[in-house]
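[1] predicted coordinates and the sequence they were generated for:
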Amino acid sequence: MDYVTAVPHPRSEATAPVRSGRRSLAVALLFGALGAAVALLSTRQRWSAGTATVAGGAFPLTAKGSDVTGVPAALAIVGLAALVAVFAVRRAGRLAVAGLLALSGAGIAVAALTGASDSSALDDKAAQVTGDSSATVAALTHTGWPYVAAVGGALILLAGLLALRYGRLWPAMSGRYERGTARPRGKARPVDPERPEEIWKALDRGEDPTGA
């Protein structure tokens, strides 16, 4: 009995990496952009609340994410820049930028989780309200926005990991925009020998006015 061995078509083997590159590129762009947007939005929301005692009464205080820490917002912008820069570099440069993208996401997540239980921003506000540098906030509560910011950082981290794994399959900026690329020179225009100004213009363009 004869057995026929199935041989994979060469075209299907060649297009498989291309499909993987396109899928990973789309996912990385989605995760990176969405993660940066989530992180930036989260830092503008209220992360914590409490009260300060002023003249025998309770004065309500709130702190936004940007009051607690400026790291997530700053790294979100760095992550967006790295996500765009991935397409402007190649080989080792692309790996370096992809690593920066991943580190930005990790930094956002760590900073957000650290700030989830932080009370220093509210303590500073309590000191300003009461005029007592040793005053602290009371009835401290926290919201879930720091964890939302951490999710945004995790999305950027995943985008960076995808860039590290599949970045070599992604397209790069066209070579015509790269530095050092010579532009094709146009054909020299004929020069009228009876018009000296055209001869000088041809010399300025680096052309031979004699047509030799």
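    Happy to help now that I have it.
[2] how about the helices in the protein?
    Assigned by DSSP state H, the chain shows helices spanning 10-43, 65-68, 71-85, 91-115, 120-130, 145-166, 196-204.
[3] how about low-confidence regions in the chain?
    Scanning the chain with the threshold set as pLDDT under 70 gives 1-20, 173-212.
[4] make it 90
    1-25, 53-59, 86-92, 126-139, 167-212 (pLDDT under 90).
[5] mind listing what the residue nearest the centre of the chain touches?
    For the chain, the residue lying nearest the average C-alpha position, counting by CA atoms, centre = their mean, turns out to be Leu80 (1.9 Å). With contact taken as CB atoms under 8 Å, 6 or more residues apart in numbering, Leu80 is in contact with Gly32, Ala33, Ala36. (Glycine included, C-beta is placed from N, CA and C.)
[6] run a quick neighbour tally on the first one.
    Residue neighbour count, defined by other CB atoms under 10 Å, stands at 28 for Gly32.
[7] wait, isn't it in contact with Ala102?
    No: under the criterion of CB atoms under 8 Å, Gly32 makes no contact with Ala102, lying 10.3 Å away.
[8] overlap in contacts, the two.
    In contact with both Gly32 and Ala102: Ile156, Ala159, Gly160, using CB under 8 Å, 6+ apart.
[9] any idea which of those residues is closest to Ser134?
    Ile156 (39.0 Å; CB to CB).
[10] residues contacting the nearest residue to the closest one once chain neighbours are set aside?
    Among residues not flanking Ile156 along the chain, Gly105 sits closest, at 3.1 Å (CB to CB, 6 or more residues apart in numbering). Residues near Gly105 by CB under 8 Å, 6+ apart: Gly35, Leu75, Gly79, Gly153, Ala154, Leu155, Ile156, Leu157, Leu158, Ala159, Gly160.
[11] how far away is Gly105 from Ser48?
    Per CB to CB, to the nearest Å, Gly105 is found 23 Å from Ser48.
[12] please apply the same query to Leu75.
    Applying CB to CB to Leu75 and Ser48 gives a distance of 20 Å.
[13] just Trp170 next, same as before
    Counting by CB to CB - Trp170 and Ser48 are separated by 40 Å.
[14] give me the more crowded residue out of these two.
    More crowded of Trp170 and Ser48, by other CB under 10 Å: Ser48, with 25 against 19.
[15] beta partners for the more buried one?
    Ala63, His142 (DSSP bridges).
[16] show me the residues around the nearest residue to Leu122 once chain neighbours are set aside that make contact.
    In space, and not counting its chain neighbours, Leu122 is closest to Val137: 4.0 Å by CB to CB, 6+ apart. Applying CB under 8 Å, 6+ apart to Val137 gives the contacts Gly50, Thr51, Ala52, Leu61, Ser119, Leu122, Asp123, Lys125, Ala126.
[17] how near is the spatially closest residue to Thr69 that is not a sequence neighbour to Arg22?
    Closest residue in space to Thr69, ignoring its immediate chain neighbours: Gly115 at 4.6 Å, by CB to CB, 6+ apart. Separation of Gly115 from Arg22 (CB to CB): 37 Å.
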